[in-house]
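K.L.:
below are the sequence and a predicted model for it; my questions follow.
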Amino acid sequence: MTSSMPPLSNLGRPRIGITIGDAAGIGPEIVLKSLAENESLSSLDFLIIGDLAFLRSEADKFGIDLELNSGDTPEPGKAVVFDLKNLPESVVAGKEDAACGRAAGEYIEAAVKLWSEGRIDAIATAPISKHSLGLGGYKFPGHTEFLAALTGTEKFAMSFFAERLRVVLLSTHLSLRDAIDRVTKERVAELIRFTSAELAKLLGRPVSIAVAGLNPHASENGMFGSEEAGEMTPAIELCRSEGIEVTGPFAADTVFLRCNSGEFDAVIACYHDQATIAVKCLSFGRGVNVTLGLPLIRTSVDHGTAFDIAGKGIAEHSSMMESIRLAGELAGTRPARSAENAA
């Protein structure tokens with residue numbers, strides 16, 4: 001499919017498509033709050049992908065002063081809604097629901113279509129409920145796999161950006177026992193190569209990577225495990241011989257802080273919580289989930305639907321604001337697509 005809109009470099013202002021996520025969660029609230037307090041987002045243009053009548057109702061309920069306009073293209077200084085009109089009249093906050101799950105899936109599909117048509121340059125997504133998504137007929141475990149399927153992407157990885165700390169995950173939603181089995185020379189080397197290439201594209205420069213050890217103290221020379229010596233070090237040495245700037249494995253209790261201090265551009269973590277504990281301790285509420293490997297830029301919040309506080313008007317929106325801001329920043333570093341290579 002070719003792009004029907006001017007490339008980013010011709011427009012000068014990144015255009016961000018924002019999906020509202022599960023309407024029964026806090027997604028609509030944090031999107032509206034973010035755009036109503038958009039001083040830090042004033043250099044971006046937005047296209048909210050959702051249900052206009054519902055969003056107007058939510059803005060009124062929460063006392064959010066934001067004029068919402070219907071349209072299919074971002075307009076400078078305006079909050080434009082690409083209106084799918086796909087929610088029932090009554091949405092019960094905090095309740096998993098097939099209609100909300102189906103609507104959330106349709107927002108994601110619409111966002112990818114808008115990107116493929118060249119109407120937006122990046123996507124920032126509010127949280128969805130995996131269970132509601134399934135009830136709505138979509139059999140994906142989450143955004144990452146859904147977006148990969150929509151864009152025909154075979155290689156992708158979850159990462160988190162939290163100011164100077166960037167973390168890429170070797171495995172995501174697995175038991176710890178299964179995650180340990182994923183720590184092999186082949187998988188570690190493949191992720192190092194992938195991370196080096198994808199981050200270089202996103203940041204517009206070569207990057208340095210550290211690898212976190214699996215065991216306490218990165219096994220202390222084999223005292224507490226064999227994975228570092230048997231699998232991880234050979235993978236690192238192989239990638240270094242290929243010209244990649246990568247070091248480790250380092251003790252996981254200090255390597256994330258070292259990255260946050262600027263010693264490395266990114267850390268490869270061995271399993272989900274090894275990464276997310278570090279990100280949330282160092283930058284809770286400001287961390288952003290970035291999917292690596294997609295042909296489009298996609299950012300998201302570092303939290304879920306928070307059904308327990310949905311509808312109460314008390315949701316914190318800093319991570320949503322940061323995900324929108326980062327989507328714009330990354331869109332500004334990516335070369336503009338030509339008609340030949342647009343998805």
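P.N.:
Done, it's in.

K.L.:
point out where this structure drops to low pLDDT.
P.N.:
In the prediction, the chain carries residues with pLDDT under 70 at positions 1-11, 38-41, 333-343.

K.L.:
could you break it into its assigned domains?
P.N.:
Here the domain assignment for the chain is 1-153+294-343, 154-291, based on automatic domain parsing.

K.L.:
in a markdown table: those domains, plus mean neighbour count.
P.N.:
Placement of C-beta: from N, CA and C, glycine included. Putting these into a markdown table (neighbours: other C-beta atoms under 10 Å) gives the following:
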| stretch | mean neighbour count |
| --- | --- |
| domain 1-153+294-343 | 20 |
| domain 154-291 | 19 |
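
K.L.:
the residue nearest to residue 25 when sequence neighbours are not counted: what's it in contact with?
P.N.:
Using C-beta to C-beta, 6 or more residues apart in numbering and skipping residues adjacent in sequence, the residue nearest residue 25 is residue 305, 2.9 Å away. In this structure, residue 305 makes contact with 21-22, 24-27, 127-129, judged by C-beta atoms under 8 Å, 6 or more residues apart in numbering.

K.L.:
now the helices: where do they sit in the stretch 51-200 of the chain?
P.N.:
52-62, 98-116, 130-135, 143-151, 176-181, 185-203 (DSSP state H, counting those that start in this stretch).

K.L.:
and the residue nearest to residue 25, backbone torsions?
P.N.:
Backbone geometry at residue 305, expressed as degrees, to the nearest 10, gives phi -70, psi -20.

K.L.:
state the distance from residue 57 to residue 77.
P.N.:
With the distance defined as C-beta to C-beta, to the nearest Å, residue 57 ends up 23 Å from residue 77.

K.L.:
then residue 172?
P.N.:
Separation of residue 172 from residue 77 (C-beta to C-beta): 38 Å.

K.L.:
same deal with residue 275?
P.N.:
In terms of C-beta to C-beta, residue 275 sits 37 Å off from residue 77.

K.L.:
likewise for residue 34?
P.N.:
Counting by C-beta to C-beta, the separation of residue 34 from residue 77 is 15 Å.

K.L.:
in space, what's closest to the residue in the chain sticking out farthest from the centre - neighbours in sequence excluded?
P.N.:
With C-alpha atoms, centre = their mean as the measure, the chain has its most outlying C-alpha, relative to the mean C-alpha position, at residue 223: 37.0 Å. Nearest non-adjacent residue to residue 223, counting by C-beta to C-beta, 6+ apart: residue 217, 7.8 Å away.

K.L.:
so that neighbour sits against residue 224, correct?
P.N.:
Yes - using C-beta atoms under 8 Å, residue 217 is in contact with residue 224, at 6.5 Å.

K.L.:
ok so, going back, now do the contacts for the residue nearest to residue 223.
P.N.:
Residue 217 is in contact with 223-224, 251, 253, counting by C-beta under 8 Å, 6+ apart.

K.L.:
quick one: residues in contact with the helix or strand harbouring residue 256.
P.N.:
When secondary structure is defined by DSSP states H and E, residue 256 falls within helix 252-260. Surrounding helix 252-260, the residues in contact under the criterion C-beta under 8 Å, 6+ apart are 162-167, 210, 212-214, 217-218, 248, 250, 264-267, 269-270, 274, 278-279, 282.
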